[in-house]
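Engineer: predicted coordinates and the sequence they were generated for:
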Amino acid sequence: MAALLKLSGLIDAINEWLGKLVMWLVLAAVLISAGNAVLRKAFNFGSNASLEIQWYLFAGVFMLGVGYVMLKNGHVRIDFISSRLSKRSNAIIDAIGIVVFTIPLALIMINLAWPYFYRALISGEMSQNAGGLIRWPVLMLMPLGFGILLAQALSELIKRVAFLTGHRSEPFSVEHDKSAEELLAEALAAEAERHERAIAVHDRNATSQGH
């Protein structure tokens, strides 16, 4: 199990790095999109290559960032149910879901996507639009992205099994297993409570001064 946990840590580190890379891809996509809009509106100039690079980057954000989302436990959950279950129950459900759904899906999609990428790479397939980009880099993102998902799914499965067998204190990689919405709600509730306490203290002081 120690060796598997080391492998899990390596996969997590790679997807942590990819998550930071994806943030820069988002910025690049925004800047290119804004530049295209300015050039088209202000100078009546456009380029198919610059338009296609936008959706290349858009595809890259999703396909390269899928492992990072899973690592941070940011994928879609039914919080209404999972929040009422114990960590052990959630870990068991996660492990079953990874084995039954995530891993088979990733393997199927890699198997389906690889031939499209390989044919485009060998043939040097280009965009059908004049001045467009070569196709294989964006088609490569499909098997690569699902490969990343497969690797992170294996990492998460290792962590869930390690937690269930007592080799790990937490089933997740992050410090908490709450969604961003739950954390925001808790922060707002805490702020509201502090505000109410401040008002109560002010009222007590005003009452004491009145006496």
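Structural biologist: All right, it came through fine. Numbers count the residues shown, from 1 in each chain.

Engineer: in this structure, spot the helix with the most residues.
Structural biologist: Taking DSSP state H as the criterion, the chain has its longest helix at helix 2-43.

Engineer: and it, what's its mean pLDDT?
Structural biologist: Mean pLDDT, helix 2-43: 87.

Engineer: which other helices and strands contact it?
Structural biologist: helix 48-71, helix 136-164 (3 or more Cβ pairs under 8 Å, 6 or more residues apart in numbering; DSSP states H and E). All C-beta spots, glycine's among them, are computed from the backbone N, C-alpha and C.

Engineer: and those helices: which comes nearest residue 119?
Structural biologist: Residue 119 sits nearest to helix 136-164 of all the helices and strands packed on helix 2-43, at 8.6 Å, using Cβ to Cβ.

Engineer: quick revisit: also compute the angle for the longest helix of the chain relative to helix 136-164, please.
Structural biologist: Counting by axes from the mean of the first three to the mean of the last three Cα atoms, to 10 degrees, helix 2-43 points 140 degrees away from the direction of helix 136-164.

Engineer: looking at the helices and strands packed on helix 2-43, which has the lowest confidence?
Structural biologist: Lowest mean pLDDT within these: helix 48-71, a mean of 87.

Engineer: show me what counts as buried in it.
Structural biologist: By neighbour count on 16 or more other Cβ atoms under 10 Å, the buried set for helix 48-71 is 50-54, 56-57, 59-61, 63-71.

Engineer: next, count neighbours for residue 41.
Structural biologist: Residues within reach of residue 41, counting by other Cβ atoms under 10 Å, total 9.

Engineer: how about the helices and strands packed on helix 2-43 in TSV, adding distance to residue 113?
Structural biologist: Output for the helices and strands packed on helix 2-43, formatted as TSV (distance: least, Cβ to Cβ, whole Å):
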stretch	distance to residue 113
helix 48-71	10
helix 136-164	4
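
Engineer: which one of these lies nearest to residue 42?
Structural biologist: helix 48-71 (14.6 Å).

Engineer: remind me what that closest one packs against, helices and strands.
Structural biologist: Counting contacts by 3+ Cβ pairs under 8 Å, 6+ apart, helix 48-71 is packed against helix 2-43, helix 136-164.

Engineer: most tightly packed of the ones you listed?
Structural biologist: Highest mean neighbour count among the helices and strands packed on helix 48-71 (mean count of other Cβ atoms under 10 Å): helix 136-164, with a mean of 21.

Engineer: closest to residue 130 out of the helices and strands packed on helix 2-43?
Structural biologist: Closest among the helices and strands packed on helix 2-43, using Cβ to Cβ: helix 48-71, at 6.0 Å.

Engineer: okay, which residue is most central for this structure?
Structural biologist: residue 69 (2.1 Å; Cα atoms, centre = their mean).

Engineer: mind checking how far it is from residue 16?
Structural biologist: Computed as Cβ to Cβ, to the nearest Å, the residue 69 to residue 16 distance reads 12 Å.

Engineer: and if you look at residue 108?
Structural biologist: Per Cβ to Cβ, residue 108 is found 27 Å from residue 16.

Engineer: and what of residue 204?
Structural biologist: Between residue 204 and residue 16 the distance is 49 Å, computed by Cβ to Cβ.

Engineer: how about residues contacting stretch 156-174?
Structural biologist: 1-2, 4-5, 7-8, 12, 70-73, 87-88, 90-92, 94-95, 98-99, 103, 155, 177 (Cβ atoms under 8 Å, 6 or more residues apart in numbering).

Engineer: many thanks, we can stop here.
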